[in-house]
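Novice: okay, predicted coordinates and the sequence, questions at the end:
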Amino acid sequence: MIRIASAGFLHESNTFSAIPASLDLWQRSGILDGDAIRREYAQSQSTLAGFLALEQEDPQVQVVPLVFSRLTPMGAITPDAIEHLFQRIVDAIRDNGPWDGVLLPQHGAAVSEPYLDPDGELLRRVRELVGPDVPIGMALDMHANVSPAMVEPADIVTVYQTNPHIDARAQALLCARLLVQTIRGTIRPRMALATPPLVVNILCQGTNDQPMSELLAAADIQRRRPGVLSVSVVEGYPYADVPEMGMSFIAVTDNDQALADDVAQQLARAAWDLREPLNHGGTAVDDALRQAHAASAAPVVLFDVGDNVGGGSPGDSTHILHAARALGIANLLQAVCDPQVVQQCQAAGVGGRISAAVGGKSDHLHGAPFPIEATVTALGDGRYEETGPTHGGFRFFNDGPSCALKTDDGYTLLLTSRGAGSASLQQFRSLGIEPTDYQIVVAKGVHSPRPAMEPIAKALIWVATPGVTSADLSTFTYQHRRVPLYPFEPDTRWP
């Protein structure tokens, strides 16, 4: 029997967010172990589901989930939180060994104090613990900022190849399969990492959209070369101010380093040739609202780019709401994080009336509170399940105590107690709201809401709202990024 340990943490750290990823938030989200991990993830389409699925494929393999936690993207992980996570993971691997292999379900864009690259630091610690002869596989998010420290100590690294991320399970299962082949000695993986000086705008990262789809097609061609085991196009995450921020390419081959180097470099050069079309902005708020209001078919989905909860924003932006009111445009549905007003609604009860100022309380970037007079139409605990495709493959969601409101001037608001993206229509339907009844639906996100919204939307518009996930990267002050780096230095020459 081959015994494989699985342990890790998942976080996308927005270093421009004012909300730190503190230990109490990790504990509140849940630091799971053993059977609790299986219950939460085994029947999902997530990375952990892919690791665990290997047991069904191969009866000679046992995958042992040890420790796992994931936290909604926000600011950098605090020192006590990252050391707690490191200690839990390393202790669990040490205390339950020996192991034939290790699988790490990481994101790849975590940042902490004092580690700018905690994913790489975890890998270093795990390698030091298990020694040089125990193979390590790691599955990453497509928004990883991949460093040499994440690749060099590992044997296999795979990455989601869809955005929205609907292949997390498949890529993790590939990682697990290759790890077992490595353990059995049927392959000898060699990896290469290419990191051109290129940042891709978040609006250009949809893998079904040009020109990103062109790069994915080029990766498919490389994947068919004899000896190639895995090819990963990694889009990067522009809101983590780290030296490795930007696009990267990983190739894994069977005992052929030169081939791995060639595959990664060919794709890096293809991306570099597309650097201009891989960077563009969104639609101005007022223009987006006018287009949506004038559309003959509904609903029209507006993506609130600056308040992309999946990228580290707080979920309480009100810029679109204020602009809609100023333009006299109603029949609009939007979720907003505001735990204080949720409590007020709970006190009023269903059918009760409230007067409040909603959202805009996290910081000045995401707008001012939005004054309302409204009727409470539903109350709930914020828990819902999505069995269809979701970004990251997650199945169970918890937005915290939530409520639905109908304002006197025609806005329907879903208020949550936790920052929540719009990755599932069940978010609304669990509180009796049918999104297809509205002319305009505002989705908190850029690509993560697409599996939910594209089937119902008659049009999609990405809105250039301000915030800590703004598509306008010139609004951020970076201290650690590489120089030169396109598009910040537009005259960058490479190679």
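Specialist: Cool, got the structure.
Novice: and I82, backbone torsions?
Specialist: phi -70, psi -40 (degrees, to the nearest 10).
Novice: can I assume it is in contact with S112?
Specialist: Yes: counting by CB atoms under 8 Å, S112 is a contact partner of I82 at 4.0 Å. The C-beta positions use only the backbone N, C-alpha and C, and glycine is treated the same way.
Novice: okay, and the common contacts of these two?
Specialist: Jointly contacting I82 and S112 under the rule CB atoms under 8 Å, 6 or more residues apart in numbering are P118.
Novice: wouldn't A420 be in contact with G315 here?
Specialist: Yes: at 5.7 Å, A420 and G315 qualify as touching, with contact defined as CB under 8 Å.
Novice: shared neighbours of the two, anything?
Specialist: 309, 335, 337, 444.
Novice: now, the residues you listed that are in strands?
Specialist: Within the shared contacts of A420 and G315, residues falling in strands by DSSP state E are 335, 337.
Novice: roughly how far apart are P135 and P153?
Specialist: From P135 across to P153, the span is 11 Å (CB to CB, to the nearest Å).
Novice: ok, those two, which is more surrounded?
Specialist: Per other CB atoms under 10 Å, whichever of P135 and P153 has more neighbours is P135, with 21 against 18.
Novice: so who does E386 touch?
Specialist: 394-395, 397, 423-424, 426, 452.
Novice: roughly how far does the residue nearest the centre of the chain sit from H391?
Specialist: Nearest to the geometric centre of the chain sits G310, at 5.2 Å (CA atoms, centre = their mean). Distance, G310 to H391, using CB to CB: 7 Å.
Novice: re the thing from before, which of the contacts of E386 tops the neighbour count?
Specialist: Of the contacts of E386, with other CB under 10 Å as the count, A452 tops at 28 neighbours.
Novice: what's the local residue count around S296?
Specialist: By other CB under 10 Å, neighbour count at S296 equals 6.
Novice: what are the phi and psi values for it?
Specialist: S296 adopts backbone torsions of phi -80, psi -20, taken as degrees, to the nearest 10.
Novice: mind listing what it touches?
Specialist: Applying CB under 8 Å, 6+ apart, no residues contact S296.
Novice: please renumber so the chain begins at 54
Specialist: Sure thing, new numbering starts at 54, so read that last one as S349.
Novice: tell me the pLDDT of it.
Specialist: On pLDDT, S349 comes in at 97.
Novice: so where do the strands sit in the stretch 354-503 of the chain?
Specialist: 385-390, 406-411, 423-433, 436-438, 449-451, 455-460, 464-469, 493-496 (DSSP state E, counting those that start in this stretch).
Novice: same question but for the stretch 204-353 of the chain, I mixed them up
Specialist: 209-212, 242-247, 281-287, 301-307, 353-357.
Novice: got a markdown table for the strands of the stretch 354-503 of the chain, with mean pLDDT and distance to A89 too?
Specialist: A markdown table is the format used below for the strands of the stretch 354-503 of the chain (pLDDT from 0 to 100; distance: least, CB to CB, whole Å):
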| stretch | mean pLDDT | distance to A89 |
| --- | --- | --- |
| strand 385-390 | 98 | 26 |
| strand 406-411 | 98 | 35 |
| strand 423-433 | 98 | 24 |
| strand 436-438 | 95 | 16 |
| strand 449-451 | 93 | 12 |
| strand 455-460 | 98 | 24 |
| strand 464-469 | 98 | 24 |
| strand 493-496 | 98 | 31 |
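Novice: mind putting these into CSV with distance to I219?
Specialist: Shown next, in CSV, are the strands of the stretch 354-503 of the chain (distance: least, CB to CB, whole Å):
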stretch, distance to I219
strand 385-390, 22
strand 406-411, 32
strand 423-433, 27
strand 436-438, 17
strand 449-451, 16
strand 455-460, 25
strand 464-469, 24
strand 493-496, 17
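Novice: of all those, which lies closest to V116?
Specialist: Closest approach to V116 among these (CB to CB): strand 449-451, 20.3 Å.
Novice: for the closest one, packing partners?
Specialist: strand 436-438 (3 or more CB pairs under 8 Å, 6 or more residues apart in numbering; DSSP states H and E).
Novice: what does the strand it packs on rub up against?
Specialist: 448-452, 477, 479-480, 482-483.
Novice: stretch 507-516 too?
Specialist: By CB under 8 Å, 6+ apart, stretch 507-516 touches 256, 335-338, 341, 344-345, 348, 350-359, 373, 478, 488-489, 494, 499, 503, 506, 524.
Novice: could you rerun that using 7 Å?
Specialist: For stretch 507-516, the surrounding residues in contact (CB atoms under 7 Å, 6 or more residues apart in numbering) are 256, 335-336, 338, 341, 344-345, 348, 350-358, 373, 488-489, 499.
Novice: so who does D314 touch?
Specialist: With CB under 7 Å, 6+ apart, D314 has these contacts: A245.
Novice: what mean pLDDT does stretch 299-310 have?
Specialist: 98.
Novice: span of that stretch from start to end?
Specialist: End-to-end distance for stretch 299-310, by CA to CA, to the nearest Å: 23 Å.
Novice: off-centre distance for that stretch?
Specialist: Stretch 299-310 has its C-alpha centroid displaced from the chain centroid by 22 Å (CA atoms, centre = their mean, to the nearest Å).
Novice: buried stuff in that stretch?
Specialist: Neighbour-count burial for stretch 299-310, counted by 16 or more other CB atoms under 10 Å, picks out 299-307, 309.
Novice: again, but for stretch 457-477
Specialist: 457-460, 464-477.
Novice: D111 is nearest to which of the strands of the stretch 354-503 of the chain?
Specialist: Once those are compared by CB to CB, strand 449-451 is nearest, at 27.0 Å.
Novice: tell me which strands that closest one pairs with, and in which orientation.
Specialist: Using DSSP bridges, strand 449-451 pairs in its sheet with strand 436-438 (antiparallel).
Novice: tell me which residues touch the closest residue to S66 other than its chain neighbours, please.
Specialist: Leaving aside its sequence neighbours, S66 sits nearest to V164 (CB to CB, 6 or more residues apart in numbering; 3.8 Å). When contacts are counted by CB under 7 Å, 6+ apart, V164 is found next to 66, 68, 129-130, 171, 293, 295.
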